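# the following block contains a protein sequence and its predicted model.
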Amino acid sequence: MLHPVPLRLKATCRGQAALCRFFALSIFATSLFEAQAQNPRIDRRKEAIVALQPFSLDEPAPVRVAYYAPRPFPRAEPVSEENEPEAIPHMETASARPVIAGSRALLRNGIAYAPSNAPANVKSAIWAANTLRRKPYVWGGGHGSFNDYGYDCSGTVSFALHYANLLEAPLPSSDFLRYGERGRGRWITIYARRGHTFAVIAGLRLDTTDLRYGGDVGPRWYVDGRDTRGFAARHPVGL
């Protein structure tokens, strides 16, 4: 005959059973952890994680960049008498009467600069001849009138002397053989022979013949001289 189990005893058994299950689960979890420690599995997700760089509060090293240093531009220095190789004579070009300091004329761009030390009529001869520098050579030009569209050699020299108040009427080359005084002058020298005439005024040659290219081109100024053999040298009185 079975006897009924008291309620207190049943409760005690249930508590013991629950405690047994807890200890059993604890033992199983411990065994499972030890097993994983002995045989670790590879976690593919951890392989994809990038390792972090160590963090530091120190200042980062400076970044070095290659570049070209700009070259300094040279600066212009003021011109003075000490650093100027040659002193440039003072020139006045504001008018049709260009002047240069000194006693010799200067030729620049086909224009003659009259020397400041020259007499007034010599300067006038130079400035007048400047107006002919683009005129063509014309045989007999400048003889019918001082103002012509072209000039020959003696017509050119006559034009310059006329505006220097040294000649009243144009002369042919042969007549210049007896003009003024014999020999070279200080400011004006006329070289004449039959068939050609030219003049040297304050160091510049006034001629219609271009010796570099040959032929008669018309009234022009030249810095170079020419062979005077066969020419008679004459000069205005006092010049």
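It's in. Residues are numbered from 1 along each chain as shown.

# which helix or which strand is home to the residue nearest to residue 110 when sequence neighbours are not counted?
Nearest residue to residue 110 in three dimensions, chain neighbours excluded: residue 133, at 5.0 Å (CB to CB, 6 or more residues apart in numbering). (Glycine included, C-beta is placed from N, CA and C.) Under the criterion DSSP states H and E, no helix or strand holds residue 133.

# quick one, what contacts residue 133?
The neighbours of residue 133, taking CB atoms under 8 Å, 6 or more residues apart in numbering as the test, are 110, 111, 219, 220, 221.

# can you tell me which two in these are farthest apart?
111 and 219 (12.6 Å; CB to CB).

# more neighbours: those two, which one.
Neighbours were counted for residue 111 and for residue 219 using other CB atoms under 10 Å; residue 219 has more, 28 against 15.

# helix or strand: which one has that one?
Under the criterion of DSSP H and E, residue 219 resides in strand 216-222.

# surely residue 106 and residue 116 touch.
No - between residue 106 and residue 116 there is no contact, the gap being 10.9 Å when judged by CB atoms under 8 Å.

# shared neighbours, the two?
Taking CB under 8 Å, 6+ apart as the contact rule, the neighbours common to residue 106 and residue 116 are residue 100.

# more crowded one of the two?
Summary of the neighbour comparison: residue 106 and residue 116, criterion other CB under 10 Å, with residue 106 having more neighbours (20 against 15).

# phi, psi of the residue nearest to residue 168 when sequence neighbours are not counted?
Counting by CB to CB, 6+ apart, the nearest residue to residue 168 once its immediate chain neighbours are dropped is residue 162, at 7.3 Å. When read as degrees, to the nearest 10, the backbone of residue 162 gives phi -60, psi -40.

# tell me the mean pLDDT for the strand holding residue 219?
In this model, strand 216-222 has an average pLDDT of 96.

# which helices and strands sit right next to that strand?
When contacts are defined as 3 or more CB pairs under 8 Å, 6 or more residues apart in numbering; DSSP states H and E, strand 216-222 sits against helix 120-130, helix 153-162, strand 204-209.

# which of the ones you listed sits most buried?
When these are scored by mean count of other CB atoms under 10 Å, the highest mean neighbour count falls to helix 153-162 (a mean of 26).

# and for it, what are the contacting residues?
With contacts defined as CB under 8 Å, 6+ apart, helix 153-162 is touched by 125-126, 128-129, 132, 140-143, 146, 148, 151, 167-173, 175-176, 188, 190, 196-199, 201, 206-209, 216, 219, 236.
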